[in-house]
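> Quick one, what's the 3D model for this:
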Amino acid sequence: MHGDDAVVPDFAWLHFGGGFLLFVAGMTFLGGWILARDRKRNYVGPRFKEKQKAKQAAAQDTIS
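Residues are numbered from 1 along each chain as shown. As a prediction, this is how the structure comes out:
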């Protein structure tokens, strides 16, 4: 009824995949930015806080 039935629509997988990767990269960057800011301001729950053992080990390495 509308258009040409002989033409098969072709999906642009390259554009879709590239756009999806850029979207995921942007969301990852934004999430990391917000997590770093919230850790700095002590807004995060215990699940997302930095581990104390890693900080203490790094501090002892610099002292020794």
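
> Please count neighbours and contacts with C-alpha atoms only from this point.
OK.

> in the helix or strand containing F16, what counts as buried?
For F16, the host element (DSSP states H and E) is helix 13-40. Residues of helix 13-40 classed as buried: L35 (neighbour count, 16 or more other Cα atoms under 10 Å).

> residue ranges with poor pLDDT in this structure?
1, 54-55, 57-58, 64 (pLDDT under 70).

> Just want the phi and psi numbers for G45.
phi -80, psi 170 (degrees, to the nearest 10).

> Kindly apply the preceding question to V8 instead.
The phi/psi pair for V8 (degrees, to the nearest 10) is phi -100, psi 130.

> still on that earlier bit, now the helix holding F16, how far from the centre of its chain.
4 Å (Cα atoms, centre = their mean, to the nearest Å).

> same thing with stretch 27-44?
11 Å.

> Send me it as CSV with only the CA atoms.
The C-alpha coordinates for stretch 27-44 follow below in CSV (Å, rounded to 0.1, in the frame of the first residue of the first chain):
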residue,chain,number,x,y,z
MET,A,27,26.9,6.5,31.4
THR,A,28,30.0,4.8,32.9
PHE,A,29,31.8,8.1,33.0
LEU,A,30,28.8,9.9,34.6
GLY,A,31,28.3,7.1,37.1
GLY,A,32,32.0,7.1,38.1
TRP,A,33,31.9,10.9,38.4
ILE,A,34,28.9,10.8,40.7
LEU,A,35,30.4,7.9,42.8
ALA,A,36,33.7,9.8,43.2
ARG,A,37,31.9,13.0,44.3
ASP,A,38,29.7,11.1,46.7
ARG,A,39,32.6,9.2,48.2
LYS,A,40,34.4,12.5,48.7
ARG,A,41,31.3,14.0,50.5
ASN,A,42,30.6,10.7,52.5
TYR,A,43,27.2,10.3,50.9
VAL,A,44,27.7,6.6,50.0
